[in-house]
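A.B. asks: Here's a sequence, model it:
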Amino acid sequence: MSERGLRIQQLRASAGGTQILKGIDLEVEAGRVHALMGPNGSGKSTLAFSLTGHPGFKVESGSVTLDGADVLAMAPDKRAKAGLFLSFQYPAAIPGVKVANFLFAARQALHPGDLPPAKFRALLLEKMDLLDMDPSFMGRYLNDGFSGGEKKRLEMLQLAMLAPKYAVLDETDSGLDVDALRAVGESVNAMRASETGKDTGFLIITHYPRILQYVKPDVVHIMIDGRIVKEGDAELAQRIEREGYDKIREETAQIA
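C.D. replies: Model (predicted):
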């Protein structure tokens with residue numbers, strides 16, 4: 001059996017001495033989109049940070065493998081080099097660091113020497129055109145003075161330039177208006193249709209099914225109180241929109 005995939009098995013994690021994840025089982029396959037939905041405080045972002053090695057979260061037990069490699073045994077930078085990407089809910093602004101310089105340094109860290117500056121610039125312009133981004137972004141300081149939509153679109157550009165194996169998008173739709181949300185959804189779809197992005201596996205973390213109107217998930221997982229209590233196809237997300245999470249909570253109350 002192939003070991004390919006981002007596999008999470010019986011993952012338990014805590015923050016500040018409080019257990020938040022209570023035995024998560026989830027597998028993201030290459031080239032497929034998984035949506036992880038749940039109310040505030042259910043543990044969705046804790047899962048994202050635990051996968052990428054945030055020091056504020058302690059993994060107590062369980063396993064995570066990326067194409068067979070033990071993720072939990074790796075330092076955070078090694079996880080990124082292995083092909084794991086995290087898009088932040090609130091991307092940080094770094095005045096004085098230009099977007100192009102940041103992306104070149106990030107690319108070099110993951111793939112040392114694979115692109116000389118001229119070829120990197122050509123690739124960057126190609127990806128910006130793919131994502132319908134103005135070339136002036138290259139000269140701007142990283143997220144400094146960016147709107148919410150611009151910040152999220154820049155995250156998509158980072159994703160396209162780094163070409164990870166698996167991408168965790170933590171509430172990418174947070175705080176976006178309708179136009180910005182559509183733009184981000186179109187950016188994800190454009191990247192998935194590209195040669196470098198077609199095999200990327202996605203885990204989209206969200207409260208609401210809004211972004212899933214633009215990026216259709218193959219599988220939807222519902223997380224409540226640190227557990228995945230229900231799984232289904234895209235229709236499950238629409239059910240959440242109609243009925244909310246309380247109905248799911250009532251149906252799955254027997255899950256210990």
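
A.B. asks: Would you verify that residue 79 is located in a strand?
C.D. replies: No. The assignment for residue 79 is helix, going by DSSP: H, G, I helix; E, B strand; the rest coil, so no strand is present there.

A.B. asks: tally of neighbours for it?
C.D. replies: Using other CB atoms under 10 Å, the number of residues around residue 79 comes to 21. Any C-beta I mention is one placed from the backbone N, CA and C, and that applies to glycine too.

A.B. asks: where in the stretch 151-256 of the chain is pLDDT low?
C.D. replies: For the stretch 151-256 of the chain, applying pLDDT under 70 flags the ranges 254-256.

A.B. asks: in the protein, which spans are helices?
C.D. replies: Ranges of helices in the chain, per DSSP state H, are 44-52, 76-82, 99-110, 117-130, 148-162, 178-193, 234-243, 245-251.

A.B. asks: Do you have the strands of the stretch 1-150 of the chain handy? List them.
C.D. replies: 6-15, 18-28, 33-37, 58-66, 69-70, 84-87, 94-98, 141-142 (DSSP state E, counting those that start in this stretch).

A.B. asks: and the angle from the third one to strand 6-15?
C.D. replies: If you take axes from the mean of the first three to the mean of the last three CA atoms, to 10 degrees, strand 33-37 sits at 20 degrees to strand 6-15.

A.B. asks: Kindly spell out which helices and strands sit in contact with strand 33-37.
C.D. replies: Strand 33-37 sits against strand 18-28, helix 44-52, strand 201-206, strand 219-224, helix 234-243, with contacts defined as 3 or more CB pairs under 8 Å, 6 or more residues apart in numbering; DSSP states H and E.

A.B. asks: Please report how far residue 213 lies from residue 222.
C.D. replies: 18 Å (CB to CB, to the nearest Å).

A.B. asks: More neighbours: which of these two?
C.D. replies: Shown here are residue 213 and residue 222; by other CB under 10 Å, residue 222 has more neighbours (24 against 15).

A.B. asks: which residues sit in contact with residue 186?
C.D. replies: 132, 214 (CB atoms under 8 Å, 6 or more residues apart in numbering).

A.B. asks: Surely residue 98 is in contact with residue 136?
C.D. replies: No. Proximity of residue 98 to residue 136 does not meet the contact threshold set by CB atoms under 8 Å, at 11.2 Å.

A.B. asks: out of the two, which sits in the busier spot?
C.D. replies: residue 98 (16 against 9).

A.B. asks: and that one, bridged to which residues?
C.D. replies: residue 141 (DSSP bridges).

A.B. asks: That one: what's it in contact with?
C.D. replies: Neighbour list for residue 98: 138-142 [criterion: CB under 8 Å, 6+ apart].

A.B. asks: Contact partners for residue 61?
C.D. replies: By CB under 8 Å, 6+ apart, residue 61 lies in contact with 10-12.

A.B. asks: Same question for residue 172.
C.D. replies: 87, 89, 152, 155, 184, 204, 206, 211.

A.B. asks: Rebuild the residues you listed as a markdown table, extending it with neighbour count.
C.D. replies: Shown next, in a markdown table, are the contacts of residue 172 (neighbours: other CB atoms under 10 Å):
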| residue | neighbour count |
| --- | --- |
| 87 | 23 |
| 89 | 17 |
| 152 | 26 |
| 155 | 22 |
| 184 | 25 |
| 204 | 23 |
| 206 | 23 |
| 211 | 23 |
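
A.B. asks: PyMOL command to pick out the buried ones of the contacts of residue 61?
C.D. replies: Per 16 or more other CB atoms under 10 Å, the buried members of these correspond to this PyMOL selection:
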select buried, resi 11+12
